[in-house]
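> Everything below, folded, please.
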Amino acid sequence: MTRLRLPFLLALLCALLSVSVHATELSASVDRVQLSEGESVELTLESNDATLFGKPDLSPLQDLFELLGTRQVNRLSTFNGEARATTSWIITLQPKRTGYVVIPPLQLGDASSAPITLHVLAASANNGQTRLAPVFIEASLDHDSVYVQAQAILTLRIYHSVSLYDDSNLTPLQMANANIEQLGEPQTYEKLINGVRHGVIELRYAIFPQQSGELQIPALTFSATVVAARAPNDAFTPFGRPGKLTRVTSAQIPLQVKAKPAAYPADAVWLPARALTLSESWSTPPEQSKVGDSLTRSLTVQAEGLSSAQLPPLPSPQIAGVRSYPDQPQLANQINAQGVTGSREERIALVPSHGGPVQLPALEVLWWNTQTDQLERTRLPGRELQIGENPLLQGEPGNEAAPTSLVVDGPPLWPWQLACALLSLTTLAGFGLWWRARRQPAIAPTSQTGPSPRTLLDDLKRACLSNEPQSTRQALDAWARQQPETLADMAARFLPLSSALDGLNGALYSETGQQWQGEDLWRAIRTLPTAQDQSTSPQEPSPLPPLYPR
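Numbers count the residues shown, from 1 in each chain. From the prediction side, this is the model:
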């Protein structure tokens, strides 16, 4: 039994090893494929096999390139719930010759990378006195003149032969009569100039002039702090950065903007581009479509040297026998070595209403070729679709010529009619109640409960003149509860009332209560002035009615 399992286990192990070898990939990429003589390029090798150790064999590069540096980066990412380990080697290369130079395939174990072709341009003659500056800036345009709304690429290179701090700053590129779009992130590399190695910061902008005539590319200012060389005996300064702030400014560049050619049709949208393509795709093969099926047709126009915002809508002619439902267009911009490539995708849902042949008309887009300086027409030829009959949508056999109506039994309508009638009645009743309520006063008159103030005052008078302290006290409390202020407040502002109350309290809480005379208290109550009369400062009348009307 063991002898039978051993070959099986060996075969399984070999299969696993072969799967592991095929899963191993070594991809190669560069940050740019076109560079000048003396400049460096970064080659990135990436592997997704975590079991490989060591580093790629770089010996094939020594004949054509100078190796300036190598660093390794390990990353761990999660994709669809699975953890993936990726190892990257970033190699800085400087070509030893001009022209087309091929980066040969590199080996890492059993994996091999694909070759990459570089185009190395010969260095132009420059002013050596300017090149000796520790920091300088260089600006150039790919074309001296372009058509209006066409693309011009501004390349800005900042050279430095000294170390810089990370506080560098570049003024933004702003122009009133042009649309500007930055092409990707800034690139950094090295270049050998007059035997001195310089670091280079390269920025590229796409400029779309909106007005013909001469356009001035403004000067841009770059500022940074140069790292100062420190002597061995210099003291350490924990605050501040030892160095010198330097500023360099690029030169203004004139750009001639040409107007739209007279040969271009006046009723066509102006599209100056290097290349323009028009393509179509279908969600399902149109040859298999039937009546009632929904087909999604995607039309895509792609233009090199134009942004997606400049691309106009495609013509959408009516198609006999087909209902059309257009969707929102999808706009996208791609950044490459030639600048901006804009694309516009329009999706249209087509539903055939009858079988037989359906003619899709041809589509044509006019544009101006900036490379050949002539009018171009990109055409998508028309096509004929054979729409098949749908058996589910056909009537009984023999009655194809007569139109048939499809009757479907549904729920009865009377419950919905009754509900609508009830809703209408309740709505009318609610409106009537609202109309009646709005005619009523906002505050309903309230009927006063208990004895009236006049009755309480008569009771108080009778008790005072009868010289009865207990009855007077009860009548006085009942009368005071209906007054706008407390009894203590009234006594505080009217001295005779205060004296009369002291006499009443003395009669209630002493043995001489039988000798109390209530005439003084009744005289004080009768001559008590109102609170408004005692106020020295005028007050505004209250907009609300009095709480205790007299």
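
> Where does pLDDT dip in the chain?
1-24, 50-53, 79-81, 123-132, 229-242, 393-411, 441-450, 510-514, 531-550 (pLDDT under 70).

> Outline the domain layout of it.
For the chain, automatic domain parsing gives the domain ranges 23-121, 128-228+243-258, 272-390, 453-530.

> Now render these as CSV, adding mean neighbour count and distance to L422.
(Each C-beta comes from the backbone N, C-alpha and C, glycine too.) Shown next, in CSV, are the domains of the chain (neighbours: other C-beta atoms under 10 Å; distance: least, C-beta to C-beta, whole Å):
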stretch, mean neighbour count, distance to L422
domain 23-121, 15, 56
domain 128-228+243-258, 16, 62
domain 272-390, 16, 40
domain 453-530, 16, 52
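
> closest to G430 out of these?
With distances scored as C-beta to C-beta, the stretch of these nearest to G430 is domain 453-530 (41.9 Å).

> Take the domains of the chain and lay them out in JSON lines including distance to A437.
Putting the domains of the chain into JSON lines (distance: least, C-beta to C-beta, whole Å) gives the following:
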{"stretch": "domain 23-121", "distance to A437": "65"}
{"stretch": "domain 128-228+243-258", "distance to A437": "63"}
{"stretch": "domain 272-390", "distance to A437": "50"}
{"stretch": "domain 453-530", "distance to A437": "33"}
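
> Quick one: closest of those to Q417.
Of those, the one closest to Q417 (C-beta to C-beta) turns out to be domain 272-390, at 33.6 Å.

> tell me how far that closest one is from the chain's mean position?
On the basis of C-alpha atoms, centre = their mean, to the nearest Å, domain 272-390 sits 28 Å off its chain's mean C-alpha point.

> Mind listing the strands whichever strand or helix holds F136 pairs with, and their directions?
Applying DSSP states H and E as the criterion places F136 in strand 135-141. For strand 135-141, the paired strands and their directions (DSSP bridges) are strand 152-160 (antiparallel).

> Show which residues not belonging to the strand it pairs with make contact with it.
131, 134-143, 146, 170, 173, 183, 191, 193, 198-209, 217, 220, 222, 224, 248, 250, 253, 255, 339 (C-beta atoms under 8 Å, 6 or more residues apart in numbering).

> roughly how far out does the longest helix anywhere in the chain sit from the chain middle?
In the chain, taking DSSP state H as the definition, the longest helix is helix 414-438. Its chain's average C-alpha position is 47 Å from that of helix 414-438, according to C-alpha atoms, centre = their mean.

> Tell me if I'm right that P317 and P361 touch.
Yes - with contact defined as C-beta atoms under 8 Å, P317 counts as touching P361 (5.1 Å).

> shared neighbours of those two, anything?
Counting by C-beta under 8 Å, 6+ apart, nothing touches both P317 and P361.

> Could you work out which of the domains of the chain reaches nearest to R436?
domain 453-530 (35.4 Å).

> now the end-to-end length of that closest one.
From its first residue to its last, domain 453-530 covers 15 Å (C-alpha to C-alpha, to the nearest Å).

> What is the distance between it and the centre of its chain?
79 Å.

> do the same with stretch 115-125
Per C-alpha atoms, centre = their mean, the centroid offset for stretch 115-125 relative to its chain is 40 Å.

> Other residues contacting that stretch?
28-30, 33-38, 41, 43, 95, 97-105.

> Mind checking which of those residues are in strands?
Applying DSSP state E to the contacts of stretch 115-125, the entries found in strands are 28-30, 34-36, 41, 43, 95, 99-103.

> Out of the residues you listed, flag the one nearest to R377.
Q34 (31.1 Å).

> For the stretch 401-550 of the chain, which segments count as helices?
414-438, 453-465, 469-480, 487-493, 495-508, 519-526, 531-534 (DSSP state H, counting those that start in this stretch).

> Same list (these) but as JSON lines, adding distance to S77.
Shown next, in JSON lines, are those (distance: least, C-beta to C-beta, whole Å):
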{"stretch": "helix 414-438", "distance to S77": "58"}
{"stretch": "helix 453-465", "distance to S77": "89"}
{"stretch": "helix 469-480", "distance to S77": "86"}
{"stretch": "helix 487-493", "distance to S77": "82"}
{"stretch": "helix 495-508", "distance to S77": "91"}
{"stretch": "helix 519-526", "distance to S77": "95"}
{"stretch": "helix 531-534", "distance to S77": "83"}
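
> Ok, which of those comes nearest V322?
Using C-beta to C-beta, the nearest of the helices of the stretch 401-550 of the chain to V322 is helix 414-438, at 36.3 Å.

> And the closest residue in space to H143 that isn't next to it in sequence, how close does it get to L173?
Counting by C-beta to C-beta, 6 or more residues apart in numbering, A152 is the residue found nearest to H143 once chain neighbours are left out, at 5.6 Å. Distance of A152 to L173, computed by C-beta to C-beta, to the nearest Å: 12 Å.

> With G356 instead?
Counting by C-beta to C-beta - G356 and L173 are separated by 58 Å.

> now L428
For L428, the distance to L173 - C-beta to C-beta - is 69 Å.

> and what of L276?
Distance from L276 to L173, by C-beta to C-beta: 27 Å.

> what's the answer for Q256, then?
Distance from Q256 to L173, by C-beta to C-beta: 19 Å.

> do E39 as well
23 Å.

> swap in E42?
The value you get for E42 to L173, if C-beta to C-beta is used, is 25 Å.

> all strands for the stretch 251-400 of the chain, in order.
For the stretch 251-400 of the chain, applying DSSP state E, counting those that start in this stretch gives strands covering 253-258, 272-273, 275-282, 295-304, 322-326, 330-336, 339-352, 356-360, 363-369, 374-380, 383-387.

> Quick check: neighbours of the fifth one in the sheet, parallel or antiparallel?
In the sheet containing strand 322-326, the strands it pairs with under DSSP bridges are strand 339-352 (antiparallel).

> Let me know the angle separating the strand it pairs with from strand 383-387.
30 degrees (axes from the mean of the first three to the mean of the last three C-alpha atoms, to 10 degrees).

> ranges for the helices of the stretch 101-250 of the chain?
In order along the chain, the stretch 101-250 of the chain carries the following helices (DSSP H, counting those that start in this stretch): 128-131.

> need the strands for it, in chain order.
107-108, 111-112, 116-121, 135-141, 145-147, 152-160, 169-170, 178-182, 187-193, 196-209, 213-217, 221-227, 243-249.
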